[in-house]
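# Mind looking at a prediction? Sequence and model below.
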Amino acid sequence: MSHPAQVYAIEIKATPEKVWEAITSPDWTRRYFHDTAVRSDWRKGSRIVYELPDGSLATDGEVVDVEWPRRLVTTWQFMYDPEMARETPSRVTWEIEDLGGACRLTVTHDRLEAAPKTEAVVKGGWSAILGGLRRELEAA
Amino acid sequence: MDEVFRALADPTRRRLLDLLHADPGATLQELCEPLDISRQAVSKHLALLEAAGLVVCRWAGREKHHHLNPVPLVEIHERWISKHTDAKARRLLELRRVLEEKES
């Protein structure tokens, strides 16, 4: 009966295209995602990483599904910590819903059953990330 | 933000958030079990929590799963509680916990 998915949602006054850009451009992620730069060619099956300022990897993963500007699914594994780097990759789904004049951005982090340390680390982390993302977007 | 406070102003809805905190993804059925009110009433409370952004629903086949969305609460926290007062408040809560433990 336990469903270990974590779900985070926020409304942002911006277009879906702009929110998508903020999620997929390194210039944007540096501003709200712990100073990391996201890198990918955004094709299904491609690699997606978040790079720390020194070039090392904060996270590693694969683009599982991509539907501009609505839905992005990737696997998720933290690399900055050896213990978490050994855990089974989890999954992150970004969904952007157009509300007309604003968007609802929902992040679902699941498949955390075999990644207990990752589960503990992201708990609370996503709230701050999404809050920062909205602040940056609405200030732009 | 008004909606968040209105949603939180009801003990049954706060109880629902407690239940979702303990059991993320619970279904309506699972949420009804520990509560002594009608299914319809629970459903109404959930709709209000959802409208306030405190609950997000996910469908898995025919099952509707409810999740506590902490983002609005974190935003309230960030708006009024600085890191400084946060540490002080935590120490006071800790003090109360220790004192209450001694009494019991």
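Great, that's in hand.

# Work out the gap between stretch B:31-39 and the centre of the chain.
The chain centre lies 16 Å from the centre of stretch B:31-39; the measure is Cα atoms, centre = their mean, to the nearest Å.

# max-length helix in chain A?
Using DSSP state H, we find that the single longest helix of chain A is helix A:125-139.

# Any buried residues in that one, and which?
For helix A:125-139, a neighbour-count test (16 or more other Cβ atoms under 10 Å in any protein chain shown) marks A:126-131, A:133-134, A:136-137 as buried. Backbone N, C-alpha and C define where each C-beta goes, glycine included.

# Export only the CA atoms of stretch A:7-19, formatted as CSV.
What follows is stretch A:7-19, C-alpha atoms only, in CSV (Å, rounded to 0.1, in the frame of the first residue of the first chain):
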residue,chain,number,x,y,z
VAL,A,7,5.1,15.0,-6.2
TYR,A,8,5.8,18.7,-6.2
ALA,A,9,3.6,21.3,-8.0
ILE,A,10,3.9,25.1,-8.5
GLU,A,11,2.1,27.7,-10.6
ILE,A,12,4.3,30.0,-12.6
LYS,A,13,3.3,33.1,-14.5
ALA,A,14,5.0,32.2,-17.7
THR,A,15,4.3,30.4,-21.0
PRO,A,16,4.9,26.7,-21.3
GLU,A,17,7.7,27.4,-23.8
LYS,A,18,9.5,29.7,-21.3
VAL,A,19,9.2,27.2,-18.5
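
# Briefly note if that stretch comes near chain B.
Yes: applying Cβ under 8 Å from any Cβ of the partner chain, one finds stretch A:7-19 in contact with chain B at A:7-11.

# doesn't B:A9 make contact with B:L48?
No: with contact defined as Cβ atoms under 8 Å, B:L48 does not reach B:A9; the gap is 10.4 Å.

# Who has more neighbours out of the two?
Higher neighbour count among B:L48 and B:A9: B:L48, with 16 against 9, using other Cβ atoms under 10 Å in any protein chain shown.

# which of the residues in the helix or strand where the more buried one lies are buried?
If you go by DSSP states H and E, B:L48 is part of helix B:39-51. Across helix B:39-51, burial judged by 16+ other Cβ under 10 Å covers B:42, B:45-46, B:48-50.

# So of the residues you listed, which two are at opposite extremes in space?
The most widely separated members of the buried residues of helix B:39-51, counting by Cβ to Cβ, are B:V42 and B:E50 (12.4 Å).

# got any residues that touch both of these two?
Common neighbours of B:V42 and B:E50 are not found (criterion: Cβ atoms under 8 Å, 6 or more residues apart in numbering or on different chains).
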